[in-house]
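Enquirer: Task: produce atomic coordinates for the following.
(chains A, B and C)
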Amino acid sequence: MESPRAPHDWNVTPTEAVALQKRLREQLILEPPPGLRVTRLAGADISTEKGNDTGYGGMVVLDAATLEPVARAVAAVPLTFPYVPGLLSFRELPVLAAVWKRLTVRPDVLIFDGQGTAHPRRVGIACHGGLLFDIPSIGCAKSLLVGTPGKLAERRGATSPITHKGEVVGMAVRTRAGVSPVYVSPGHRMDLDTAVEWVLKASPRYREPETTRHAHRLVNAFRRSGGEAAELEEGRPG
DNA sequence: GCGACAG
DNA sequence: ATCTTGTCGC
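Expert: Sure thing, here's the model as predicted:
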């Protein structure tokens, strides 16, 4: 008997990856679990360096009320898939899956650095990762892959739908007044409104969510340390 | 065919 | 994403 969310093989070609995305898309649940209570938020990211094919990944779990780090984990894994626009998850998720196994404190929502449904086939890394880890997830990207947002006010909190081929696939969200917006879209077990709500709550001061900022700093420190986890695994100021 | 193209 | 110093501006 096959599990509803049996992990698939990562050893695939770009053509096979596209076919897999079309199947994964059908498994997406674009609605949050009834009565979802978010007490912990987490951010995921990976860092790489030019002459090295290693992906240094990390995740940081934050208390949703204070946005203070409560747990973290890292993992260094060889990268076997190239960066291809639209297939980012096949390059980064093998690394994040190793990190996820080491993360003992489970978050209620996981925010990815990349798109959710604002994707050519509506299966960005946030969707794929949400399905893989079976967790409510959000895609929060710094730039667009597809779609066009309408004009949005300069004040923090302003939003404008991102339309692609006649449908709303995400939302441009101004997390900081007068600064470029971030592009938010639901991953899995999530809807657009809830995704926007949490990205704004997680970004009280800077353009990017604290989840992403913490994860970004963690993986960069991890990479520069040459893959020496050591103190990076336990609580340490960001 | 041409241009666009998350990280 | 990464390679990289200084510099303009609040």
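
Enquirer: How many residues are close by the residue of chain A at minimum distance from DNA strand C?
Expert: Closest approach between chain A and DNA strand C, counting by CB to the nearest atom of the strand: residue A:47, at 3.7 Å. All C-beta atoms are positioned from the backbone trio N, CA, C, and that covers glycine. Residue A:47 has 22 neighbours, counted by other CB atoms under 10 Å.

Enquirer: what sits against it?
Expert: By CB atoms under 8 Å, 6 or more residues apart in numbering, the contact set of residue A:47 is A:55-57, A:216, A:219-220, A:222-223.

Enquirer: Tell me if I'm right that residue A:227 and residue A:76 touch.
Expert: Yes: using CB atoms under 8 Å, residue A:227 makes contact with residue A:76 at a distance of 4.1 Å.

Enquirer: Give me the more crowded residue out of these two.
Expert: Counting neighbours by other CB under 10 Å for residue A:227 and for residue A:76 shows that residue A:76 has the greater number, 22 against 14.

Enquirer: is it fair to say that one lies in a helix?
Expert: No: counting by DSSP: H, G, I helix; E, B strand; the rest coil, residue A:76 is not part of a helix but strand.

Enquirer: circling back: where do the contact lists of residue A:227 and residue A:76 overlap?
Expert: What both residue A:227 and residue A:76 touch, as defined by CB under 8 Å, 6+ apart, is the set A:54, A:56.

Enquirer: Show only the entries of the contacts of residue A:47 found in helices.
Expert: A:216, A:219-220, A:222-223 (DSSP state H).

Enquirer: sorry, back to before: any chance of a markdown table for the contacts of residue A:47, columns pLDDT?
Expert: Formatted as a markdown table, the contacts of residue A:47 follow (pLDDT from 0 to 100):
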| residue | pLDDT |
| --- | --- |
| A:55 | 98 |
| A:56 | 98 |
| A:57 | 98 |
| A:216 | 97 |
| A:219 | 97 |
| A:220 | 96 |
| A:222 | 97 |
| A:223 | 97 |
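
Enquirer: Now restrict the residues you listed to buried residues only.
Expert: A:55-57, A:216, A:219, A:222-223 (16 or more other CB atoms under 10 Å).

Enquirer: filter these down to the ones near DNA strand C?
Expert: Contacts with DNA strand C within the buried ones among the contacts of residue A:47, counted by CB under 7 Å from any atom of the strand: residue A:223.

Enquirer: now the helices: where do they sit in chain A?
Expert: Under the criterion DSSP H, helices of chain A are mapped to A:14-25, A:88-102, A:125-133, A:192-202, A:210-224.
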